[in-house]
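**Q** next comes the sequence, and after it the predicted model I'd like to discuss.
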Amino acid sequence: MEERVPLKRATAAALLLAALLSACAVAPTAAPPEATVATANLPAPTASTPPPVEAPKPAPAPPPPEPADPAAAAGTPTDPVRPEEPVDLDVKPADRDLWERIRRGFAMGDLDTDLVRAQERWYASRPDYVARMTERSSRYLFHIVEEIERRGMPTELALLPFIESAFNPQAMSSAKASGMWQFIPSTGKHYELTQNIFRDDRRDVLASTRAALDYLQKLHGMFGDWQLALAAYNWGEGSVGRAIAKNQKAGRAGDYLSLSMPAETRNYVPKLQAVKNLVARPQDFGLELAPLENHPYFLSVPIQRDIDSALVARLAGLPMAEFHALNPSLNKPVILAAGTPQVLLPYDNATAFMQALPKHRGTLASWTAWTVPKTMRPAEAAKQAGMSEATLREVNRIPPRMLIRAGSTLLVPRHAERHGDVSERVADGATMHLVADGPKTRRASVKARKGDSVASIAARYKLSAASVASWNKVSAGAKFAAGQAVVVYLPAKAASKKARTAAKSAASRNGRSAAVAKPKASRTR
């Protein structure tokens with residue numbers, strides 16, 4: 001990891017931030033985030049874009065008053081774990097090696113089984129893979145270790161993203177688990193991880209780490225054992241609870257090694273143990289861990305006005321790939337201050353951003369949000385929004401042959417008539433609902449076969465791959481697990497025929513079962 005400029009400089013520059021954000025001589029900005037990272041490179045709308053033909057235009061929001069004293073303005077970069085404490089690099093950590101700090105915090109009982117040995121061999125035989133995981137982890141590990149130590153939890157848990165996602169915050173599983181800590185949608189909502197068209201907090205570095213550690217603490221409180229807590233994190237607390245109850249009823253032990261569980265969960269704790277052993281003794285496995293400084297990688301920089309992601313990255317002197325690696329929750333090419341009140345930037349880049357922002361003399365945001373007043377075709381929505389249909393479809397991920405339902409929120413160009421920052425209500429609660437544009441359709445759920453993908457499902461039911469991907473919120477190249485439920489919209493007649501066929505098949509199976517059971521019942525009488 002490159003040596004960082006003392007934070008003292010970042011702190012001094014930090015005092016300028018609020019003034020820089022709120023005193024900028026630019027029009028207010030607004031927009032939503034939902035498109036993938038690629039949308040950040042979309043061309044900004046031009047000033048000649050015609051105004052939308054729609055309801056009365058809201059009066060322009062007045063810019064916030066310029067603070068008399070920049071130092072008095074709120075909003076300086078902070079350490080996300082200890083925001084109340086001033087950041088000061090003059091205090092040198094006693095130990096500069098983050099790996100050693102992690103090793104000192106190991107507190108779980110070790111597992112020593114053949115499965116652990118097998119996982120050790122797997123990782124040891126892939127040094128390039130381990131190196132890539134380690135390089136990605138260097139952005140996040142310090143923050144995770146800080147949060148774990150603050151809670152008094154074992155530092156082995158900081159290694160969990162190695163086996164969950166290989167420290168890839170954009171990772172998405174076939175079960176739609178997302179982010180570094182791999183939250184499925186329902187568990188993410190339970191732990192207050194917002195998921196809407198603008199952002200997915202399951203991928204947010206700070207929010208997902210908070211939620212994962214909250215969940216792990218809850219599971220440890222339920223089972224009183226870290227191995228069982230980890231099994232529940234992977235398999236579900238209900239499944240682990242039932243497995244323990246089944247063992248106890250049969251007079252067997254209820255510990256992790258004694259439970260009957262799926263192969264994935266059976267290998268879950270051994271994987272973590274193997275990674276722990278590699279970190280503890282890399283030389284024993286012929287590996288060399290890249291050194292990690294016991295030092296924060298990023299600062300939390302407040303965002304007080306809606307602003308384009310590309311503009312933040314440019315003013316900070318940061319490549320877009322690195323910006324998205326630290327801020328992976330953003331779905332759209334604009335940051336909404338009401339929903340994403342902070343971004344993460346490396347120390348030096350945070351300083352550069354604060355110095356460059358007051359010198360910027362353009363708009364802060366090129367995009368804003370528009371709530372569709374009625375159900376309409378994308379072409380009509382694009383005309384009212386003042387943009388091309390192709391761009392509207394791309395930034396809002398609208399597949400062919402779909403209508404936009406009334407009440408949906410779209411990302412559209414910002415202009416003189418629509419320039420206010422997006423409200424908190426829209427930033428946190430916006431949704432987009434699409435319906436088929438054509439013959440009446442019905443929603444159907446089909447089971448994926450072994451080896452099925454978005455393309456094969458689309459071909460089987462004569463649908464577009466883009467539509468199947470959109471309906472299931474996966475990429476066009478995604479694959480499905482055998483037996484996984486896949487949502488499709490079929491013509492009403494076809495859907496009805498499918499339902500009748502399924503019902504007839506079920507009745508036939510039930511009839512066969514009854515026919516087999518009858519003689520058995522008569523014999524017992």
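**A** Done, it's in. Just so it is clear, the structure is predicted and the values come from calculations on it, not from any experiment.

**Q** ok now stretch 425-440, how far from the chain's centre?
**A** 21 Å (CA atoms, centre = their mean, to the nearest Å).

**Q** now stretch 417-434
**A** With CA atoms, centre = their mean, you get 20 Å for stretch 417-434.

**Q** how long is it end to end?
**A** This stretch, stretch 417-434, spans 27 Å end to end (CA to CA, to the nearest Å).

**Q** with stretch 195-214 instead?
**A** First-to-last residue span, stretch 195-214, CA to CA: 18 Å.

**Q** tell me the mean pLDDT over that stretch?
**A** Mean pLDDT, stretch 195-214: 97.

**Q** return the set of buried residues in it.
**A** Buried residues in stretch 195-214, defined by neighbour count with 16 or more other CB atoms under 10 Å: 195-213. Just so you know, the C-beta spots here come from the backbone N, C-alpha and C atoms, and that holds for glycine as well.

**Q** those in helices, which ones?
**A** Mapping the buried residues of stretch 195-214 onto helices (DSSP state H) picks out 205, 206, 207, 208, 209, 210, 211, 212, 213.

**Q** for the chain, give me the ranges with low pLDDT.
**A** 1-95, 493-525 (pLDDT under 70).

**Q** all strands of it, in order?
**A** Counting by DSSP state E, the chain has strands at residues 298-302, 307-308, 334-335, 342-346, 367-371, 402-404, 409-413, 434-436, 441-447, 485-491.

**Q** quick one: these as CSV, columns for mean neighbour count and distance to residue 222 too.
**A** Output for the strands of the chain, formatted as CSV (neighbours: other CB atoms under 10 Å; distance: least, CB to CB, whole Å):
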stretch, mean neighbour count, distance to residue 222
strand 298-302, 22, 32
strand 307-308, 26, 42
strand 334-335, 30, 37
strand 342-346, 24, 32
strand 367-371, 23, 40
strand 402-404, 22, 43
strand 409-413, 26, 38
strand 434-436, 18, 40
strand 441-447, 14, 32
strand 485-491, 17, 28
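
**Q** would TSV of the ones you listed with distance to residue 248 be doable?
**A** Formatted as TSV, the strands of the chain follow (distance: least, CB to CB, whole Å):
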stretch	distance to residue 248
strand 298-302	46
strand 307-308	56
strand 334-335	51
strand 342-346	46
strand 367-371	53
strand 402-404	52
strand 409-413	50
strand 434-436	49
strand 441-447	34
strand 485-491	33
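
**Q** and residue 352, how many neighbours does it have?
**A** Neighbour count for residue 352, taken as other CB atoms under 10 Å: 18.

**Q** burial check on the residue nearest to it when sequence neighbours are not counted, number of neighbours?
**A** Among residues not flanking residue 352 along the chain, residue 317 sits closest, at 4.7 Å (CB to CB, 6 or more residues apart in numbering). Number of residues near residue 317 (other CB under 10 Å) recorded here: 14.

**Q** wait, what's in contact with residue 317?
**A** 349, 352, 356 (CB atoms under 8 Å, 6 or more residues apart in numbering).

**Q** again, only using 10 Å
**A** Residues counted as contacts of residue 317 (CB atoms under 10 Å, 6 or more residues apart in numbering) are 345, 346, 348, 349, 351, 352, 353, 356.

**Q** tell me the two of those residues that are most distant?
**A** Within those, two members stand farthest from each other by CB to CB: 346 and 356, at 14.7 Å.

**Q** closest one to residue 391 among the strands of the chain?
**A** Closest to residue 391 of these is strand 409-413 (CB to CB; 8.6 Å).

**Q** from the contacts of residue 317, which ones fall inside helices?
**A** Applying DSSP H to the contacts of residue 317, the entries found in helices are 348, 349, 351, 352, 353, 356.

**Q** which of those lies closest to residue 133?
**A** Checking these against residue 133 by CB to CB gives residue 349 as the nearest, at 23.6 Å.

**Q** contacting residues for the residue nearest to that closest one when sequence neighbours are not counted?
**A** Using CB to CB, 6+ apart and skipping the chain neighbours, the partner closest in space to residue 349 is residue 316 (4.1 Å). By CB under 10 Å, 6+ apart, the residues touching residue 316 are 301, 322-323, 343, 345-346, 348-357.

**Q** with residue 247 instead?
**A** 253, 254, 255, 258, 259, 260.

**Q** what's the spacing between it and residue 181?
**A** 28 Å (CB to CB, to the nearest Å).

**Q** what do you get for residue 318?
**A** The gap separating residue 318 from residue 181 is 24 Å, by CB to CB.

**Q** what's the neighbour count on the nearest residue to residue 313 once chain neighbours are set aside?
**A** Sequence neighbours aside, residue 323 is the residue nearest to residue 313 in space, at 4.2 Å (criterion: CB to CB, 6+ apart). Residue 323 has 24 neighbouring residues, counting by other CB under 10 Å.

**Q** in this structure residue 323 contacts residue 301, no?
**A** No: applying CB atoms under 10 Å as the test, residue 323 and residue 301 come out as separate, 11.4 Å apart.

**Q** give me the common contacts of those two.
**A** Here residue 323 and residue 301 have 312, 316, 343, 344, 345, 349 as joint contacts, going by CB under 10 Å, 6+ apart.

**Q** ok so, going back, against residue 349, how distant is the residue nearest to residue 352?
**A** Counting by CB to CB, the gap from residue 317 to residue 349 is 6 Å.

**Q** same check, this time on residue 297
**A** Counting by CB to CB - residue 297 and residue 349 are separated by 11 Å.

**Q** one more: residue 208?
**A** 22 Å.

**Q** pick out the residue nearest the middle of the protein.
**A** Central residue check for the chain by CA atoms, centre = their mean: the C-alpha nearest the mean position is that of residue 203, 2.2 Å away.

**Q** touching, that residue and residue 171? I think so.
**A** Yes: assessed by CB under 10 Å, residue 203 is found in contact with residue 171 at 8.7 Å.

**Q** apart from its chain neighbours, what residue comes closest to residue 219?
**A** Nearest in space to residue 219, with sequence neighbours left out and distances taken as CB to CB, 6+ apart, is residue 229 at 3.8 Å.

**Q** ok, now which ones touch that neighbour?
**A** 108, 157, 215-223, 237, 240, 256, 269.

**Q** swap the cut-off to 6 Å and go again
**A** Going by CB atoms under 6 Å, 6 or more residues apart in numbering, residue 229 touches 216, 219, 220, 223.

**Q** got it, and residue 318?
**A** Residue 318 is in contact with residue 349, counting by CB under 6 Å, 6+ apart.

**Q** one more time with 10 Å
**A** Residues near residue 318 by CB under 10 Å, 6+ apart: 312, 324, 325, 326, 345, 346, 348, 349, 350, 352, 353.

**Q** could I get these as JSON lines with distance to residue 457?
**A** Conversion of the contacts of residue 318 to JSON lines gives the following (distance: CB to CB, whole Å):
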{"residue": "312", "distance to residue 457": "38"}
{"residue": "324", "distance to residue 457": "29"}
{"residue": "325", "distance to residue 457": "32"}
{"residue": "326", "distance to residue 457": "35"}
{"residue": "345", "distance to residue 457": "41"}
{"residue": "346", "distance to residue 457": "42"}
{"residue": "348", "distance to residue 457": "47"}
{"residue": "349", "distance to residue 457": "43"}
{"residue": "350", "distance to residue 457": "45"}
{"residue": "352", "distance to residue 457": "47"}
{"residue": "353", "distance to residue 457": "44"}
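
**Q** name the member of those with the most neighbours.
**A** Neighbour max across the contacts of residue 318 (other CB under 10 Å) = residue 345, 28 neighbours.

**Q** beta partners for it?
**A** Counting by DSSP bridges, residue 345 is bridged to residue 299.

**Q** how much space between residue 126 and residue 287?
**A** Using CB to CB, one gets 10 Å for the distance from residue 126 to residue 287.
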